[in-house]
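1. Next come a sequence and a model predicted from it.
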Amino acid sequence: MAERHGFDSLWVGQHFPAGPVLFHPPSPLLILAAVAPQTGLTLGTGVLLLPMWHPVTLAYEMAVLDQLCGGRRVLDDAWYAGSTHHLSAIAETTGRYRAALAAAGKDPATARAAANRSTVIAETTERAWTDGGLYLETLMHTYRRIGGMRVPDGRPLTEDTGILPLAAAEVCLIGSSDDVSAQLEAYVAAGVTDVALRIAPSDIPLEIARRSIDLAGEHVIPRIR
């Protein structure tokens with residue numbers, strides 16, 4: 001479905017859950033290996049928990065995946081903004097990344113800077129917030145509990161805090177196709193070259209995820225390419 005709508009790649013994260021929580025899977029390379037014969041999309045991990053891997057084991061696993069997918073896997077030098085990295089900080093950090101590449105004798109013009117954004121797209125702004133807001137709020141609180149969530153004004157976050165209204169503009173893409181297209185323009189201006197649309201965060205219903213893919217493919221992707 002995503003491939004038909006013009007998406008370039010499929011990304012799977014990694015997490016070792018301590019309980020029955022809907023989050024990243026513990027074995028992303030196995031999932032990508034299973035998906036590889038069914039798609040022509042580029043395959044990547046966003047991200048692998050490198051301290052949990054022996055370098056030689058990871059090198060062999062990635063090499064096998066590379067063979068299974070015919071060279072369509074991504075393992076490269078890039079800068080990555082995770083799900084809670086604020087848009088307001090991205091321009092500065094991508095600038096530092098490109099400067100570091102230049103200092104290392106590499107061409108900063110070839111740098112890839114990616115951002116992972118939890119995404120809900122609907123026919124109207126109101127419907128996107130109505131249909132997807134609860135699920136994104138749940139995800140924000142998952143990050144709060146593991147210490148990975150903050151809001152622009154720096155206030156302490158508790159179980160009772162409504163995080164999404166405070167942080168959506170910094171860490172999410174939510175709204176109509178027009179809204180999300182405009183939001184993506186801000187990422188391009190900040191130096192981002194690749195955006196992973198995280199359309200199935202938390203336990204969001206499949207029909208909402210499918211709608212986001214449809215609308216992104218029909219209205220958003222053609223505008224930003």
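-> That came through, no problem.

2. Show the average pLDDT along stretch 140-149.
-> Averaging pLDDT along stretch 140-149 yields 93.

3. Identify each buried residue in it, please.
-> Neighbour counts over stretch 140-149 (16 or more other CB atoms under 10 Å) mark M140, H141, T142, Y143, R144, M149 as buried. In short, each C-beta sits where N, CA and C put it, glycine included.

4. State whether the third one is indeed within a strand.
-> If I follow you right, that is T142. No. Per DSSP: H, G, I helix; E, B strand; the rest coil, T142 lies outside any strand segment and is helix.

5. thought it was touching F23?
-> Yes. With contacts counted by CB atoms under 8 Å, T142 reaches F23, the gap being 6.6 Å.

6. would you list every one of the helices in the protein?
-> For the chain, the helices defined by DSSP state H cover 28-35, 55-68, 87-103, 125-145, 163-171, 177-189, 206-215, 221-224.

7. Dig out what the closest residue to L215 other than its chain neighbours forms beta bridges with.
-> Excluding the flanking residues, the one nearest L215 by CB to CB, 6 or more residues apart in numbering is I121, at 4.4 Å. Note on I121: beta-bridge partners G175, judged by DSSP bridges.

8. Check the gap between I121 and A209 for me.
-> 10 Å (CB to CB, to the nearest Å).

9. and what of E126?
-> The value you get for E126 to A209, if CB to CB is used, is 19 Å.

10. Correct me if wrong: A169 contacts L87.
-> Yes. Taking CB under 8 Å as the definition, A169 is a contact partner of L87 at 7.1 Å.

11. Looking at those two, which is more packed in?
-> L87 (20 against 15; other CB atoms under 10 Å).

12. I figured P17 was touching S27, is that so?
-> No. Under the criterion of CB under 8 Å, P17 is not in contact with S27, lying 11.8 Å apart.

13. What are the contacting residues of stretch 53-63?
-> Among residues not part of stretch 53-63, those counted as contacts by CB atoms under 8 Å, 6 or more residues apart in numbering are L29, L48, L50, R73, L75.

14. circling back to that earlier point, E126 and A209: which is more packed in?
-> Neighbours of E126 and A209, each counted by other CB under 10 Å, are more numerous for A209; the result is 19 against 11.

15. Quickly note the distance from that one to S202.
-> Distance from A209 to S202, counting by CB to CB: 11 Å.

16. Low-confidence bits of this protein, can you list those?
-> 21-22, 76-77 (pLDDT under 70).

17. again, only this time at 80
-> Scanning the chain for pLDDT under 80 picks out 17-24, 46-47, 74-77, 202.
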